[in-house]
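> Here's a sequence, model it:
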Amino acid sequence: MVWHGSETDPTIDPAAPDVLAAYEAAWAARKSTADCYRTGVGAWRQVHPDQRPAYAAKRAVAVILAAKTSLRIEDV
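Sure thing, here's the model as predicted:
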């Protein structure tokens, strides 16, 4: 059963620290960006093996992007 509109924040999921640690380890090992994300998704799937791969990837990438990006608005 799918519940639309009731998704929790992936950054507070118990898998989030594992996702970030896996991503960071891959980054430190100088893996490609794709491999770094793939490693993070793999960490998410270890915690949530019941989730569909596409959904797990969406959630893991959201965690990585939340931690690794920032919005900068420059004054004009």
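> what helix or strand is the spatially most central residue of the chain on?
Nearest to the mean C-alpha position of the chain, by C-alpha atoms, centre = their mean, lies Ala60 at 2.3 Å. Using DSSP states H and E, Ala60 sits within helix 53-68.
> contact partners of that helix?
10-11, 13, 15-16, 19-20, 23, 37, 40-41, 43-45, 48, 51 (C-beta atoms under 8 Å, 6 or more residues apart in numbering). C-beta coordinates here come from the backbone N, C-alpha and C atoms, glycine included.
> top of these by neighbour count?
Neighbour counts for these (other C-beta atoms under 10 Å) peak at Val19, which has 30 neighbours.
> can you give me how far the helix holding Ala60 is from the chain middle?
3 Å (C-alpha atoms, centre = their mean, to the nearest Å).
> Which residues belonging to that helix are considered buried?
Ala56, Ala57, Arg59, Ala60, Val61, Ala62, Val63, Ile64 (16 or more other C-beta atoms under 10 Å).
> Rounded mean pLDDT for it, please.
Confidence for helix 53-68, expressed as mean pLDDT, is 95.
> same deal with stretch 22-39?
Averaging pLDDT along stretch 22-39 gives 97.
> Okay, buried residues for it please.
Residues Ala22, Tyr23, Glu24, Ala26, Trp27, Cys36, Tyr37, Arg38, Thr39 are the ones in stretch 22-39 that count as buried (16+ other C-beta under 10 Å).
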